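[1] No sequence on hand, only this structure:
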DNA sequence: GCCGTAATATGATGGGTATCATGTAAACCT
DNA sequence: AGGTTTACATGATACCCATCATATTACGGC
């Protein structure tokens, strides 16, 4: 039953990674503690040895998902040439991203949940979003810092809105049309 | 019957209107049948006399909310002068709209839920969105029908994304900054 | 090697959920 | 006017949920 400190730390990591994925796939209220623990290969009772509450896990998982998102963007920016924003938009508005919410942008997957949920998730979400927007503003073209910032906020809104709508819609043709129209903004 | 047919029809309307509001405020899974019925002044048992299932109600409520959304846009287009899109954006990206999800855009409030939920809600949502996009494309400026359509899809994505993010964020200053940046796109 | 302690398992608790079963009384139809 | 229908209420069912209580077991420090 008892495991190495190392294994315990690995357990916590598995819980967090699984939560970051499953919350994005099924929503903050769409997956329960028992299922999250089963996903990490543990039973439900062990949960409260690792986190104070489900709310605390939501916060930690949001933070982790946000960090992952920033990391993905940094990798996109580092590889390839031409406009950073254009390359980010191409990846963000792809079918691959649309169909993989569990490993995709947490803002598109969780924003509505976070707005209703409040608590630790909302705080982590806001912090992560602030950081991502700061990063994006730097990577954006524009004469002044204020103009770059404004452009980054508006562009990010377009990305999130298009992805959210493309996922919600029942009709594959309409879904792809939404993504394509948003992509055309960045040409 | 304890009530007249007229009163029964009114009951159904109250259930639907309340559901359309409460689903947007709390999410499709965030409010239960019992609470919805209490909101309509009835008890939970009466529900299945009016709807086949909660899923069926979600579908009907999504349709109603979507119709209301189109109606609001038509009223905005009919009153006032200048660019229709600019006036829609001003209303859509207002603090008033941000703080009143229950009577606001169902796409911004429910898209993520709908994507996960599937079922009748997703069908109604898609139909309503298609209609709204058709309407918006007509009200949009552009040389060709295809250009207007593309512009309408991208603009709508920007609106939805900005509102969703503005609602999710914990920081009033950042929230207003997001709305303002999106508004500037339509100037 | 032994003992405290920490990670995990099992199980209980209290509350919420959607849905179904049944009873009742009044509106509707003939 | 009387029998039928039906909107509604009460209550039951079976399940899921977050959280807590307790037991077990083996690691970590001594």
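    Arrived safely, thanks for sending. No experiment lies behind these values; they were computed from the predicted model shown.

[2] Show me where chain A has its helices.
    Counting by DSSP state H, chain A has helices at residues A:5-26, A:33-39, A:47-50, A:54-78, A:84-92, A:95-98, A:106-117, A:119-138, A:145-168, A:172-185.

[3] Columns mean neighbour count and mean pLDDT on top of those, output as a markdown table?
    No exception for glycine: its C-beta is placed from N, CA and C like everyone else's. Output for the helices of chain A, formatted as a markdown table (neighbours: other C-beta atoms under 10 Å in any protein chain shown; pLDDT from 0 to 100):
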| stretch | mean neighbour count | mean pLDDT |
| --- | --- | --- |
| helix A:5-26 | 18 | 95 |
| helix A:33-39 | 17 | 98 |
| helix A:47-50 | 15 | 96 |
| helix A:54-78 | 19 | 97 |
| helix A:84-92 | 19 | 97 |
| helix A:95-98 | 16 | 98 |
| helix A:106-117 | 26 | 98 |
| helix A:119-138 | 19 | 98 |
| helix A:145-168 | 24 | 98 |
| helix A:172-185 | 19 | 98 |
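
[4] okay, those helices in a markdown table with distance to chain B next?
    Converted to a markdown table, those look like this (distance: least, C-beta to the nearest C-beta, whole Å):
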| stretch | distance to chain B |
| --- | --- |
| helix A:5-26 | 6 |
| helix A:33-39 | 15 |
| helix A:47-50 | 21 |
| helix A:54-78 | 10 |
| helix A:84-92 | 11 |
| helix A:95-98 | 10 |
| helix A:106-117 | 4 |
| helix A:119-138 | 4 |
| helix A:145-168 | 3 |
| helix A:172-185 | 4 |
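
[5] Out of those, flag the one nearest residue B:31.
    Closest to residue B:31 of the helices of chain A, according to C-beta to C-beta: helix A:106-117, at 10.6 Å.

[6] Next, see if the closest one gets close to DNA strand C.
    No. For helix A:106-117, no contact with DNA strand C is found by C-beta under 7 Å from any atom of the strand; the gap never falls below 13.7 Å.

[7] touching DNA strand D at all, that helix?
    No. Applying C-beta under 7 Å from any atom of the strand, one finds helix A:106-117 out of contact with DNA strand D, separated by at least 11.7 Å.

[8] how about the residue in chain A positioned nearest to DNA strand C, what does it touch?
    Going by C-beta to the nearest atom of the strand, DNA strand C is nearest to residue A:45 of chain A, at 1.9 Å. Applying C-beta atoms under 8 Å, 6 or more residues apart in numbering or on different chains to residue A:45 gives no contacts.

[9] same thing with residue A:21?
    So residue A:21 contacts A:102, A:103 (C-beta under 8 Å, 6+ apart).

[10] rewinding a little: between the helices of chain A, which one is closest to residue B:143.
    helix A:172-185 (14.3 Å).

[11] Tell me the helices and strands packed up against that closest one.
    With contacts defined as 3 or more C-beta pairs under 8 Å, 6 or more residues apart in numbering or on different chains; DSSP states H and E, the packing partners of helix A:172-185 are helix A:84-92, helix A:95-98, helix A:145-168, helix B:119-138, helix B:145-168.

[12] can you list contacts of it?
    Around helix A:172-185, the neighbours that count as contacts under C-beta under 8 Å, 6+ apart are A:89-90, A:93-95, A:98, A:155, A:158-159, A:161-163, A:165-167, A:169, B:126, B:129-130, B:149-151, B:153-154, B:157.

[13] so how far is residue B:110 from the closest residue in space to residue A:35 that isn't next to it in sequence?
    Closest residue to residue A:35 apart from its sequence neighbours, by C-beta to C-beta, 6 or more residues apart in numbering or on different chains: residue A:22 at 7.4 Å. Separation of residue A:22 from residue B:110 (C-beta to C-beta, to the nearest Å) stands at 21 Å.

[14] Any chance of the helices and strands packed on helix A:172-185 in TSV with distance to residue A:122 as columns?
    Listed next are these as TSV, based on distance: least, C-beta to C-beta, whole Å:
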stretch	distance to residue A:122
helix A:84-92	23
helix A:95-98	24
helix A:145-168	16
helix B:119-138	25
helix B:145-168	7
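
[15] would a markdown table of those helices with distance to DNA strand D be doable?
    Formatted as a markdown table, these follow (distance: least, C-beta to the nearest atom of the strand, whole Å):
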| stretch | distance to DNA strand D |
| --- | --- |
| helix A:84-92 | 30 |
| helix A:95-98 | 25 |
| helix A:145-168 | 22 |
| helix B:119-138 | 17 |
| helix B:145-168 | 20 |
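
[16] Next up, the contacts around the closest residue to residue A:39 other than its chain neighbours.
    Spatially, and ignoring its direct neighbours in sequence, residue A:39 is nearest to residue A:18 (4.2 Å; C-beta to C-beta, 6+ apart). Applying C-beta under 8 Å, 6+ apart to residue A:18 gives the contacts A:36, A:39, A:40.

[17] Report the separation between the first one and residue A:69.
    Yep, that's residue A:36 we're talking about. Using C-beta to C-beta, residue A:36 is found at 20 Å from residue A:69.

[18] show me the residues around the closest residue to residue A:41 other than its chain neighbours that make contact.
    Counting by C-beta to C-beta, 6+ apart, residue A:41 lies nearest to residue A:14, which is 6.7 Å off, once chain neighbours are set aside. Counting by C-beta under 8 Å, 6+ apart, residue A:14 touches A:39, A:40, A:41.

[19] Over to residue A:129?
    A:66, A:107, B:165, B:168, B:169, B:174.

[20] Grab the nearest non-local neighbour of the third one.
    Across the structure, with C-beta to C-beta, 6+ apart as the measure, the residue nearest residue B:165 apart from its sequence neighbours is residue B:178 (5.2 Å).

[21] How about the second one?
    If you skip the residues right next to it in sequence, residue A:107 has residue A:160 as its closest partner in space, 5.3 Å away by C-beta to C-beta, 6+ apart.

[22] Perfect, that will be all.
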